[in-house]
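> Curious how this folds, go ahead:
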Amino acid sequence: MTTTVKLFLALAGAVLAGAAAASLPAWGAAAAVLLLAASFPAARGLSRSLGQPLHDIREAAEKIAAGDFSARVGPVPGDEHRQLAAALDKMAARIQDDLSRLERVEKMRKDFVANVSHELRTPLAAVKAYAETLVSGEPQDVKTRQEFCREIEGNADRMTRLVDDLLTLSSLESGARSPTKEPVSLMRVAGEVVAALKPLAQRKRIVLRLDPFPDMPGVPADRGQLKQVFTNLIDNAVKYTPEAGVVRVHAAVGKGEVRVTVEDSGCGIPAEHLPRIFERFYRVDKARSREQGGTGLGLAIVKHIVEAHAGSVAIQSEPGQGSTFSFTLPLPS
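Numbering: from 1, shown residues only. Sure, this is the predicted structure:
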């Protein structure tokens, strides 16, 4: 006998007992039982309509409590049930988003530590090997010993550049190094950087050309940070352009902004690398980049500085056709 039948019989017995106590005629008692029988299915349906939403909400809540933050209640009848379900679904979605963000941050942290460790391991191993050889008394000739000392110095310089770039990037990302803006002549800053990098270009017989910038008011910017942007972009262009190539720096004024462009006649960059080119430690050719003394952080620093000035960075490149890096800065209104 089902629970439903038992419940009906119990209620029917209660109705008959009540009828007898009230001295109702037999036909009255029978009518009461028939009325109960007729209303019982409707009562069961009402119970289900009220109980099912609560069951769904409770089930979703139990899943969320167990750590399944993808659980959702979904649509339910009744305004109050619907509001409760919506609140629960919203809470679960927010927790899920927070966890996803924390997982991404943790992955970035692990990747960052792994990249820094990798970048430091190679120069440290070289320094250790050369130092051990020198301590052992080998080699005997002075010229070779001096070469070993220069290698140690070069690797120490490489680690210093890496640490300096890490500190710069960290201060930019944390906001501790917010730009101190003042009117800056882009042409003057570009000219200083080109003059400083000209000897590097001349050693490779590269033509480093600075075209006159159009007339414009001073751009509100942090002069030191802007100089670092020019240095990183032009230095990269010179390093990755083969001998007898050309590096050109020019600018154009658009609607409310100026675009500065650094073009080179280098080997170009395959399309699959372009979306990630401004990521920290990302290199197209890892071995060549390290040979050139790069830390893998220069373009990431450029991106952070430009965006802190409400500008944007871009790249266009094709293998064998060179690369064009550009950045925009807003002009004073």
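> quick one, strands of this protein?
Counting by DSSP state E, the chain has strands at residues 182-184, 207-210, 219-221, 246-253, 257-264, 312-317, 323-330.
> So which of those strands is nearest residue 169?
With CB to CB as the criterion, residue 169 lies closest to strand 312-317 of the strands of the chain, at 14.7 Å. Using the backbone N, CA and C atoms, a C-beta is placed for each residue, glycine as well.
> which strands and helices sit next to the closest one?
helix 298-308, strand 323-330 (3 or more CB pairs under 8 Å, 6 or more residues apart in numbering; DSSP states H and E).
> quick one: the helices in the chain?
Secondary structure of the chain (DSSP state H): helices at 3-21, 26-65, 79-135, 142-174, 186-203, 223-239, 286-291, 298-308.
> Out of these, name the one with the poorest average pLDDT.
Ranked by mean pLDDT, these bottom out at helix 3-21, with a mean of 47.
> got JSON lines for the helices and strands packed on strand 312-317, with distance to residue 174 too?
As requested, the helices and strands packed on strand 312-317 are exported to JSON lines (distance: least, CB to CB, whole Å):
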{"stretch": "helix 298-308", "distance to residue 174": "10"}
{"stretch": "strand 323-330", "distance to residue 174": "22"}
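> TSV please, covering those and showing mean neighbour count and distance to residue 189.
Converted to TSV, these look like this (neighbours: other CB atoms under 10 Å; distance: least, CB to CB, whole Å):
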stretch	mean neighbour count	distance to residue 189
helix 298-308	21	13
strand 323-330	20	11
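> out of those, which comes closest to residue 153?
helix 298-308 (21.6 Å).
> Compute the inter-axis angle for that closest one and helix 223-239.
Relative orientation of helix 298-308 and helix 223-239, computed by axes from the mean of the first three to the mean of the last three CA atoms, to 10 degrees: 140 degrees.
> Phi and psi next, for residue 139.
phi -80, psi 170 (degrees, to the nearest 10).
> what residues are up against it?
133, 145, 148 (CB atoms under 8 Å, 6 or more residues apart in numbering).
> do residue 278 as well
299, 300, 302, 303, 313, 315.
> I'd say the third one and residue 313 touch.
So that's residue 302. Yes. If you go by CB atoms under 8 Å, residue 302 and residue 313 touch, sitting 6.3 Å apart.
> Need the residues touching each of these two.
Shared contacts of residue 302 and residue 313, counting by CB under 8 Å, 6+ apart, come down to 278, 327.
> what about residue 224, distance to residue 158?
23 Å (CB to CB, to the nearest Å).
> again, but for residue 142
Residue 142 is 25 Å from residue 158, by CB to CB.
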